[in-house]
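J.: A predicted structure for the sequence below; I have some questions about it.
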There are 2 protein chains.
Amino acid sequence: MSFERLAERLILHVLTDRDWSRGRDMLTVARAALAGGATVIQLRDKYANTRDLVTEGLALRALTKEYGALLIVNDRIDVALAIDADGAHVGQEDMPVGSARQLLGHERILGVSVGSLDEARLAVEGGADYLGVGPIYATRAKADAGAPIGLALLRELAPLYTPPLIAIGGITAANTHEVRQAGAAGIAVITAIVNAEDITAATQDIFKQLY
Amino acid sequence: MSFERLAERLILHVLTDRDWSRGRDMLTVARAALAGGATVIQLRDKYANTRDLVTEGLALRALTKEYGALLIVNDRIDVALAIDADGAHVGQEDMPVGSARQLLGHERILGVSVGSLDEARLAVEGGADYLGVGPIYATRAKADAGAPIGLALLRELAPLYTPPLIAIGGITAANTHEVRQAGAAGIAVITAIVNAEDITAATQDIFKQLY
Ligand code: NI
């Protein structure tokens, strides 16, 4: 991986989510979040077919470049490659880490969701560039996310030699500070941003808590 | 593409389909079809997450090798690459042909579904190794397949310089002969095989009509 100051560039992920965006389209939501300080947009759309994902992804690729932000594609390595995204993010039900690393090559970022020390170890061994740690708190956005794990895993992983830790799950402006203190290099936000009436203002509120 | 005698090896595709397999698992269905003469298994599972697709795909990779058959993955180029499949098949709602060709490279087979002369032309220009032409007849298996187009497109495409034409949609032992006479190098079958009580016998019945 050749991205300069990667941890810094991973500080504020916003994940797109069609269900929680109050009917606003993905690009509108992404643009508002980027205007508020999002450093990464993760494209995540479980409803779209591959053709639509590629179309959405190409538009998002142009938009993220405009803002100097990173674009990461959830689950779909093929789409990430086709749209020249900066990377892909895989969960425990997605492509196994080793295969994902091989398909992505070493010029793109590979993020991996982990919910335990074991999963974190395997992700690091498989070549993850960052770990998505969570769900930290209860979350409305991911019905399948499992029970919240709190800050313990972050605290356990932070002193170990690992890629940047990105906290996810129920992150808001109110808990950003404690999550960072527990060892997160960055955070990933869904509803607190995409469901906000004023997405840019909500992103700015969270962004301010990061520094 | 470097497969020897490709058209011949593409003569009888069987597409997996969870909904129509009478509760039998994918590997059981595939094994029975291979025993009956299937030359290609196309892995198609719209319900599975990526992890499960990879797991299923690796098992199917071993099985198809055992029978000297080809393995093609529907839609998911990433999965095709991860399991070292022989190729991938994309429809009009999947990865655009040009991107699919680029991601797959030239050592794997790219199949493209077409339902019109224009789609066929674009598929050939994009580098398709074979064209899936259909739906020829009304089909139960693909709710989104659109209205049957009959034999006209096959007859139109056959004299043109195109990759092998594989007829799909409502193909059975009863119409295999006329489909071949209309110009199909091979056929792709779903329900007439995967929904049969005796899958091997059903495959053999169809196979016999191909020669
Ligand atoms: Ni070639």
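T.: Structure received.

J.: Give me the below-cutoff pLDDT ranges for chain A.
T.: For chain A, the stretches with pLDDT under 70 are A:1-2, A:142-144.

J.: Quick one: name the residues of it near chain B.
T.: Taking CB under 8 Å from any CB of the partner chain, the part of chain A that reaches chain B is made up of A:49-52, A:54, A:75-79, A:81-82, A:90, A:92-96, A:99, A:102-103. (C-beta placed from N, C-alpha, C; glycine too.)

J.: Among those residues, which lie within helices?
T.: Judged by DSSP state H, the residues of chain A next to chain B include A:50-52, A:54, A:77-79, A:81-82, A:99, A:102-103 as members of helices.

J.: The residues you listed also near the ion: which ones?
T.: Residues of these in contact with the ion (CB under 5 Å from the ion): none.

J.: Taking these together, which two end up most distant?
T.: Largest separation among those by CB to CB: A:52 and A:102, giving 26.5 Å.

J.: For the two, work out which one has more neighbours and name it.
T.: Shown here are residue A:52 and residue A:102; by other CB atoms under 10 Å in any protein chain shown, residue A:102 has more neighbours (16 against 12).

J.: For that one, give me its contacts.
T.: Contacts for residue A:102 (CB atoms under 8 Å, 6 or more residues apart in numbering or on different chains) come out as residue B:82.

J.: quick revisit: just the ones in helices among the residues of chain A next to chain B now: which is nearest residue A:208?
T.: Checking these against residue A:208 with CB to CB, the nearest one is residue A:79 at 32.7 Å.

J.: and that closest one, how many residues sit next to it?
T.: Per other CB under 10 Å, the neighbour tally for residue A:79 reads 26.

J.: show me where chain A has helices.
T.: A:6-9, A:26-35, A:50-66, A:77-82, A:97-104, A:117-126, A:152-157, A:176-181, A:191-194, A:199-209.

J.: Would you mind finding the most buried of the ones you listed?
T.: helix A:77-82 (a mean of 27; mean count of other CB atoms under 10 Å in any protein chain shown).

J.: what's it packed up against?
T.: Contacts defined by 3 or more CB pairs under 8 Å, 6 or more residues apart in numbering or on different chains; DSSP states H and E place helix A:77-82 against helix A:50-66, strand A:70-74, strand A:87-90, helix A:97-104, helix B:77-82, helix B:97-104.

J.: With respect to residue B:207, which of the ones you listed lies nearest?
T.: helix B:77-82 (25.3 Å).

J.: what bridges to residue A:70?
T.: Note on residue A:70: beta-bridge partners by DSSP bridges are residue A:40.

J.: How about the contacts made by it?
T.: By CB under 8 Å, 6+ apart, residue A:70 lies in contact with A:3, A:9-10, A:39-41, A:64, A:86-87, A:109.

J.: between those residues, which is nearest residue A:211?
T.: The closest of the contacts of residue A:70, once distances to residue A:211 are taken by CB to CB, is residue A:39, at 12.2 Å.

J.: My guess is residue A:169 contacts residue A:146. True?
T.: No. The criterion here is CB atoms under 8 Å, and residue A:169 misses it with residue A:146 at 9.1 Å.

J.: which one of the two has more residues nearby?
T.: Ranked by neighbour count (other CB under 10 Å), residue A:169 and residue A:146 place residue A:169 first, with 26 against 12.

J.: how close does the residue nearest to residue A:43 when sequence neighbours are not counted sit to residue B:50?
T.: Distances taken as CB to CB, 6 or more residues apart in numbering or on different chains place residue A:73 nearest to residue A:43, at 5.0 Å, with adjacent residues excluded. Distance of residue A:73 to residue B:50, given as CB to CB, to the nearest Å: 12 Å.

J.: With adjacent residues omitted, what lies nearest to residue A:10?
T.: residue A:186 (4.5 Å).

J.: do residue A:169 as well
T.: The shortest distance from residue A:169 to any non-neighbouring residue, by CB to CB, 6+ apart, is to residue A:135 (2.6 Å).

J.: residues contacting that neighbour?
T.: Taking CB under 8 Å, 6+ apart as the test, what residue A:135 contacts is A:115, A:142, A:145-149, A:168-170.
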